[in-house]
Each structure stands twice: as structure tokens, then as C-alpha cells.
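Asker: Predicted model follows, preceded by the sequence.
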Amino acid sequence: MRAKRNLYFLGFAIFIFSFFLPALIVFGEPIIGYKSALVLFGSLFKFKGFLNYSFLIFANLANIFTILVFILQFKISFKRLIIFQLIAFISAFFWVGYGIVQEKNISDLHIGYWNWLFGIFFMLISMFASIKEPKCPTRRS
């Protein structure tokens, strides 16, 4: 149980640390993770149609749900936490697929993005490893 809890907190620490690393390259310039997150969140207020707005909401779910799961881990059911974290991971991993479909260079995603993705993944894995146990990996027995 302790190893699962450590993996959960390690994942969250990597997730937070990734906001201070270069996340992607735009026009040849690296963009730090927190700046790209702010630009993405700010784009919600400049929507140009339903599909574009739906895409932007989905793209923002990774940060929102990961932080909500960490904050609300003692207040909502463990099954809901897993569902929220799974949606966050799908939203985070979406950027790789989006880059491939749009035929953009995946190498434009830098170490900050990959740390961000693996942080969310580690949190999710520790939660899946705790499914047989009735409590969240961060809750002490």
C-alpha cells in the first residue's frame, strides 16, 4: 500500500514539476508548461463554434481533473476518482494523437509534456493497482 501511495504522490510531483519545464516548441521557441497551460485555458474564452469549443474543453480536462482528483481524493468515491483520472489521462494523451493526425512533428512536444503525461499516468496506475483495496492509495489504513 505504501508503494502505491508513493507512486501516486510521485506522479503528482512530476505533474506539478512539468509546468516549469519546456513543454512544446512554437515557431522555433520553447514554451514553458505553465504558459502553455494558461494559453490553452485562455483559449476557452475565444471559442469559434461548437466543435472548436468542445475540443478546447476536452483539451483542458487533463489539468482540471488531475488537480480535482488530488484535492477531492478524500471527499468523493474511489470509483469516481479513477474515472476522472482516466479521462484526464485520455485528454493528456490526446495531444500525441492530434499531432499525428495533423501531421505535425511529434518532436515539438518536449520534456515538460512527457513529464506531464507520465505524472498523470503514474497517478492513474497507482489508483488501478489499488482497485482490489477499498481505499484510495493516499488514504492510510
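Answerer: Now that the structure is in, tell me what you want to look at.

Asker: For whichever strand or helix holds Phe58, which residues meet the burial criterion?
Answerer: Counting by DSSP states H and E, the element that carries Phe58 is helix 50-71. Neighbour-count burial for helix 50-71, with 16 or more other CB atoms under 10 Å as criterion, is recorded at 56, 59-63, 65-66, 68-70. For every residue, glycine as well, the C-beta is placed using N, CA and C.

Asker: same check, this time on stretch 41-52
Answerer: Under 16+ other CB under 10 Å, the buried positions of stretch 41-52 are Ser43.

Asker: start to end distance for it?
Answerer: With CA to CA, to the nearest Å as the measure, stretch 41-52 spans 13 Å from end to end.

Asker: Tell me who's in contact with Leu81.
Answerer: Residues in contact with Leu81 (CB atoms under 8 Å, 6 or more residues apart in numbering) are 69, 72-73, 127, 136.

Asker: Show me which pair in the residues you listed is furthest apart.
Answerer: The most widely separated members of these, counting by CB to CB, are Leu72 and Met127 (13.2 Å).

Asker: The two - which one has more neighbours?
Answerer: It is Met127, of Leu72 and Met127, that has more neighbours when counted by other CB atoms under 10 Å, with 24 against 12.

Asker: Look at Lys48 and give its secondary structure.
Answerer: coil (DSSP: H, G, I helix; E, B strand; the rest coil).

Asker: give me the low-pLDDT residue ranges for this protein?
Answerer: In the predicted model, the chain carries pLDDT under 70 at residues 1, 47, 97-107, 133-141.

Asker: Spatially central residue in it, please.
Answerer: Ala62 (3.7 Å; CA atoms, centre = their mean).

Asker: Thought Ile120 was touching it, still the case?
Answerer: Yes - assessed by CB atoms under 8 Å, Ala62 is found in contact with Ile120 at 6.4 Å.

Asker: Now for the two: what residues contact both?
Answerer: Listed as contacting both Ala62 and Ile120 by CB under 8 Å, 6+ apart are 88-89, 92.

Asker: Now a PyMOL select for only the buried ones of those residues.
Answerer: This is how PyMOL selects the buried members of the shared contacts of Ala62 and Ile120, with burial counted by 16+ other CB under 10 Å:
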select buried, resi 88+89+92
